[in-house]
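[1] the sequence and its predicted three-dimensional model are supplied below.
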Amino acid sequence: MVECKTPDLETAEQQPCPQDIHAALRELTASLAEQKVRTAFLEKQTQEQEAKLESQKTEIDQLKLQSEEQVAKLETEINKLKQELQVKQVAFSASLLDQGAGDTGPFNTQSTLVFKHVVTNIGNAYNTSTGIFTAPVRGAYHFDWKVYGYGNVETGGVLFRNGEHIFIAHECPTSGHVSASNGASLLLEVGDQVFVRLWANSRINDNQNHHTTFSGHLIFTM
């Protein structure tokens, strides 16, 4: 090993030994390399943590979206159940005149009767302006109607489903007062219409006692 000679103290202080410089450089190089390794390791850890956080954020966003979709689905199902429950509650009952007393007919052709004194219209399936009941859901329905007359003019009312003549309630009085009634259970599709028509050349009467009536209700859905 070659020793580093120092001619005098002043020269030694001004001129460091080359071996010491190389050793210091090696240490610095090793330290720098170690720092680079540490930095790379920390960068890798940071990237992994960022990737993990991003993955967790994506998962949270997905869970949030799924939760919102489930809430929306539940709200839709609840509203659907509410609508089905409302649809299953269908019933109406009405008499011909809203007030006073009077005759309807006779006419030479059949005419749809509008029962204006409504006491029940659950589900609003009966139209008080047209006298027509419109089925809101497919199912079995039951209808009753009654007509009241007097004198020597026949009294009659016909139940129709759409354009189909179903049953008639009819009487031919010679004097005094008479009434005729009938009933029918019908399978109706959504939108089917049911109404009562005054029988041609017949006359009916109604007053504050509400003799002439039309009623119906849903028995069960199908």
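    Looks like it came in fine.
[2] ranges for the helices of the chain?
    With DSSP state H as the criterion, the chain has helices at 9-14, 18-87.
[3] weakest of these by average pLDDT?
    With a mean of 53, helix 9-14 has the lowest mean pLDDT of those.
[4] rewinding a little: make TSV out of the helices of the chain and add distance to residue 163 and mean neighbour count.
    To be clear about C-beta, it is placed using only N, CA and C from the backbone, and glycine gets the same treatment. Compiled in TSV, the helices of the chain are given as follows (distance: least, C-beta to C-beta, whole Å; neighbours: other C-beta atoms under 10 Å):
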stretch	distance to residue 163	mean neighbour count
helix 9-14	124	9
helix 18-87	25	10
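[5] turn those into JSON lines, including distance to residue 139.
    As requested, the helices of the chain are exported to JSON lines (distance: least, C-beta to C-beta, whole Å):
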{"stretch": "helix 9-14", "distance to residue 139": "113"}
{"stretch": "helix 18-87", "distance to residue 139": "9"}
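[6] right, so of the ones you listed, which gets closest to residue 117?
    helix 18-87 (24.3 Å; C-beta to C-beta).
[7] can you read off the pLDDT for the closest residue to residue 159 other than its chain neighbours?
    In space, and not counting its chain neighbours, residue 159 is closest to residue 166: 4.4 Å by C-beta to C-beta, 6 or more residues apart in numbering. For residue 166, the pLDDT comes out at 97.
[8] now swap in the one 3 residues further on and tell me
    Residue 169 is assigned a predicted lDDT (pLDDT) of 95.
[9] ok, now which ones touch residue 131?
    112, 113, 114, 115, 195, 196, 214 (C-beta atoms under 8 Å, 6 or more residues apart in numbering).
[10] what distance do you get for it to residue 32?
    Going from residue 131 to residue 32 by C-beta to C-beta, to the nearest Å gives 99 Å.
[11] again with residue 129
    Taking C-beta to C-beta, one finds residue 129 at 94 Å from residue 32.
[12] again with residue 176
    124 Å.
[13] which ones are touching residue 146?
    Per C-beta under 8 Å, 6+ apart, neighbours of residue 146: 157, 169, 179, 180, 181, 211, 212, 213.
[14] which non-adjacent residue is nearest it?
    Residue 146 sits nearest to residue 181 (C-beta to C-beta, 6+ apart), 3.9 Å away.
[15] the one you found contacts residue 170, correct?
    No - with contact defined as C-beta atoms under 8 Å, residue 181 and residue 170 do not form a contacting pair (10.2 Å).
[16] coming back round to it: who wins for proximity to residue 102 among the helices of the chain?
    For the helices of the chain, proximity to residue 102 was assessed by C-beta to C-beta; helix 18-87 is nearest, at 35.7 Å.
[17] please consider this matter closed, and thank you.
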